[in-house]
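Asks: Sharing a model prediction with you, sequence too.
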Amino acid sequence: MPRAEIGERKWKGSEMEMQWWGHSKVHGWVVLDRSTPVNAPGLKENLVFMRCKDSTTFVEKRKNWNPPAYSFAPNYIQGLAPEESAEATAALEGYQAHWPEYQQQIQKEQQEIEDRAKAARAEADSLEKEAVKEKKKQAALAKKAETAAS
């Protein structure tokens with residue numbers, strides 16, 4: 001496929017707009033799922049990427065998500081020599097074919113993180129309520145002891 005067509009064919013449409021495909025100097029081909037709440041534009045939280053070569057997620061600081069560390073796929077491919085460009089395009093298309101599995105894994109991992117955070121918040125709330133209850137109990141005992149002493 002001629003390099004000029006890559007941008008036209010692969011990067012249009014609402015589904016593709018929810019994905020950011022790129023190349024990282026450290027991680028190789030990566031995808032960012034914009035439908036994941038932590039990856040929404042305008043936030044200051046870290047980003048969660050899927051590393052395509054081993055199907056693992058990793059966290060990156062938002063401020064690091066820019067060239068030269070990360071290159072948008074069409075820009076990366078366009079900067080390669082013709083032979084490398086063809087190989088890179090084929091590799092990218094292979095990874096894109098696995099998008100449903102990648103998305104499912106990203107969502108599963110994010111749900112697990114959210115569930116753990118929710119459980120931690122519930123535990124903290126429970127401990128706080130228990131501490132308030134204990135404080136009230138101690139205050140009542142102190143008041144009772146004070147009354148008995150008078």
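Replies: Looks like it came in fine. Numbering: from 1, shown residues only.

Asks: I'd like the mean pLDDT over stretch 35-44, please.
Replies: For stretch 35-44, the mean per-residue pLDDT is 89.

Asks: Stretch 140-149 now?
Replies: Stretch 140-149 comes out at a mean pLDDT of 82.

Asks: Which residue is the nearest non-sequential neighbour of F72?
Replies: G22 (5.2 Å; CB to CB, 6 or more residues apart in numbering). For every residue, glycine as well, the C-beta is placed using N, CA and C.

Asks: quick one: D54 from A140, how far?
Replies: Going from D54 to A140 by CB to CB, to the nearest Å gives 59 Å.

Asks: what do you get for A148?
Replies: On the measure of CB to CB, A148 and A140 end up 13 Å apart.

Asks: More neighbours: which of these two?
Replies: A140 (10 against 7; other CB atoms under 10 Å).

Asks: Tell me which helix or strand that one sits in.
Replies: helix 99-149 (DSSP states H and E).

Asks: Give me the helices and strands touching that helix, please.
Replies: Identification of packing neighbours for helix 99-149 by 3 or more CB pairs under 8 Å, 6 or more residues apart in numbering; DSSP states H and E yields strand 28-33, strand 47-51, strand 56-60.

Asks: doesn't I77 make contact with S85?
Replies: Yes - using CB atoms under 8 Å, S85 is in contact with I77, at 5.3 Å.

Asks: the more surrounded of the two?
Replies: I77 (23 against 18).

Asks: What residues of the helix or strand encompassing the more buried one count as buried?
Replies: According to DSSP H and E, I77 maps onto helix 73-78. Neighbour counts over helix 73-78 (16 or more other CB atoms under 10 Å) mark A73, P74, Y76, I77 as buried.

Asks: again with stretch 99-106
Replies: Result for stretch 99-106 [16+ other CB under 10 Å]: buried residues W99, Y102, Q103, Q105, I106.

Asks: Cool, thanks, talk later.
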